[in-house]
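# fold the following, please.
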Amino acid sequence: NPIPERESIISPPSRAAQLSLVAHGGFLLIGIVNTLLGPILPLLSARWQLDDAQAGQLFTAQFAGGMTGSAISGILIKRLGFLPLMVAGFGVMSAAIACLGLVSRTGGVVSFFGLGVALGLTIPATNLLIADLNPERRAAALNVLNLVWGLGATLGPLLVSWLGRGDSLTPPLFMLSGLLAGMALLVARYQNFSQSASQSEARQAKLSLEREWSSPFALLTGALVFVYVGTETATAGWIASYAQRLGTAPQPFSALTVSLFWAGLLAGRSLAPAVLRRISEGNLVLISLLVAIAGLGVILAGSQMIVISAGAMLAGLGLAAVFPTTFAIFTQHFGARASQLAGAIFILASLGGAVIPWLVGITSARYGDLRTGLWVPLLGGVVMVTLQIALISLSQKQRAKAS
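Down below sits the predicted model:
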């Protein structure tokens with residue numbers, strides 16, 4: 001994320017370990033919140049009488065908020081530090097979640113925008129905090145953090161199904177709101193952590209940003225991230241509604257398809273380090289995308305709950321390694337300059353998450369068929385394969401030129 005300056009945590013190791021544990025707990029909740037809209041969308045659509053185009057606006061509101069939060073996170077981290085930003089983020093999330101149980105459709109759009117802003121602020125702050133707490137093992141530490149996020153994304157739909165029996169959203173929303181408020185108070189206990197900052201990287205970022213983003217590698221990577229996050233969000237966000245409309249299972253069971261999608265994502269990210277010992281990072285992304293396309297095809301071809309569930313898990317498994325591996329390639333390619341360019345990556349990610357699920361809703365409303373709308377993420381998978389082949393070819397040419 002865009003950070004004009006970086007901070008170094010210099011507090012005692014034992015207290016740093018405690019803060020790391022708290023941050024992981026917070027990221028578990030962020031995983032639940034980040035993916036909450038998908039499993040609760042059928043209930044919100046019924047309560048607010050939304051068609052698919054109107055429901056798609058909720059995704060747009062959340063990810064527009066995320067893009068806004070990502071864009072301003074650098075300035076706020078510079079002025080406030082990681083921890084105050086995390087406290088504020090968890091507090092806003094708590095309020096927005098609570099409001100969803102009380103407000104009308106218009107208030108819901110505002111709540112999802114606020115939720116997106118809070119996520120856009122809290123996710124980069126937490127990632128940067130964990131990176132600074134683990135300066136000698138950042139990749140491993142951030143991988144664990146990412147798995148915790150995936151666990152939260154997997155547990156979220158189960159929480160909705162378990163507490164939302166009787167088609168009531170109030171119990172799960174208020175419980176989650178309380179947990180987020182508690183997390184804000186818990187993080188606030190560590191506000192006396194000492195932090196120091198360096199100004200040099202901010203100046204370097206301003207000098208290199210335009211030049212680096214004009215390179216073909218950066219543009220292709222940005223396009224891939226845009227399509228990836230949009231495809232992942234559209235799949236997770238619409239699959240419960242799709243399963244419910246087929247009429248093969250009641251709403252609580254249709255919401256489980258989202259959990260299976262995130263379970264596949266979690267499994268894929270757990271397996272990726274072992275797979276990378278055998279194949280290159282670029283080939284892992286390419287193979288993963290082909291698996292994801294197969295899973296999306298199974299979803300579209302299926303008419304029974306078991307088939308759709310299998311497709312959801314396969315799609316999650318395929319998409320799992322795409323973003324973290326692509327981001328790892330990106331940081332390796334740009335080296336020390338990557339931290340100065342990461343903000344634009346997260347903005348593009350938020351933009352993709354806003355646009356592509358909205359396109360699913362628009363397409364579904366236009367043709368009166370959600371199955372038709374779900375062709376959008378499938379086409380997104382095909383586009384990503386094309387972009388990844390171009391990235392691999394570009395990297396090979398650059399290596400040949402360097403040698």
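# what sits against the spatially closest residue to Ala315 that is not a sequence neighbour?
In this structure, Ala315 finds its nearest non-sequential neighbour in Gly295, 3.1 Å apart by C-beta to C-beta, 6 or more residues apart in numbering. For glycine as for every other residue, the C-beta is placed from the backbone atoms N, C-alpha and C. Counting by C-beta atoms under 8 Å, 6 or more residues apart in numbering, Gly295 makes contact with Gly264, Gly311, Ala312, Met313, Leu314, Ala315, Gly316, Leu317, Gly318.
# if we go to 10 Å?
Gly295 makes contacts with 235, 261, 264, 310-319, 378, 381, as judged by C-beta atoms under 10 Å, 6 or more residues apart in numbering.
# ok, these vs Phe174, which is closest?
For the contacts of Gly295, the closest approach to Phe174 (C-beta to C-beta) belongs to Phe261, at 25.5 Å.
# okay but Ser364 is in contact with Ala55, surely?
Yes. Counting by C-beta atoms under 10 Å, Ser364 touches Ala55, with 9.0 Å between them.
# overlap of the contact sets of the two?
Residues touching both Ser364 and Ala55 (C-beta under 10 Å, 6+ apart) are Trp238, Ser241.
# circling back: just the contacts of Gly295: which are in helices?
235, 261, 264, 310-319, 378, 381 (DSSP state H).
# most neighbours, which of the residues you listed?
The most crowded member of the ones in helices among the contacts of Gly295 is Thr235, carrying 33 neighbours; neighbours defined as other C-beta atoms under 10 Å.
# next up, the contacts around Thr363.
Thr363 neighbours (C-beta under 10 Å, 6+ apart): Asp52, Ala53, Gly56, Asp369, Leu370, Thr372, Gly373, Leu374, Trp375, Val376.
# please name the nearest non-neighbouring residue to it.
Gly373 (4.2 Å).
# didn't the one you found look like it was pressed against Leu379?
No. Using C-beta under 10 Å as the test, Gly373 is too far from Leu379 to be in contact (11.2 Å).
# comparing the two, which residue is more hemmed in?
Gly373 (26 against 15).
# got a list of what that one touches?
Here Gly373 is in contact with 52-53, 56, 234, 238, 241-242, 357, 359-367 (C-beta under 10 Å, 6+ apart).
# buried among the residues you listed? Need that as a selection in PyMOL.
The PyMOL command for the buried members of the contacts of Gly373 (criterion: 16 or more other C-beta atoms under 10 Å) is given here:
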select buried, resi 52+53+56+234+238+241+242+357+359+360+361+362+363+364+365
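# and the helix or strand hosting Ser14, what does it pack onto?
Using DSSP states H and E, Ser14 sits within helix 13-34. Applying 3 or more C-beta pairs under 10 Å, 6 or more residues apart in numbering; DSSP states H and E, one finds that helix 13-34 contacts strand 6-9, helix 52-80, helix 82-100, helix 105-133, helix 138-163, helix 170-188.
# as CSV, those with mean pLDDT and distance to Leu36 would be great.
Output for these, formatted as CSV (pLDDT from 0 to 100; distance: least, C-beta to C-beta, whole Å):
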stretch, mean pLDDT, distance to Leu36
strand 6-9, 44, 30
helix 52-80, 82, 9
helix 82-100, 92, 8
helix 105-133, 86, 8
helix 138-163, 75, 6
helix 170-188, 91, 8
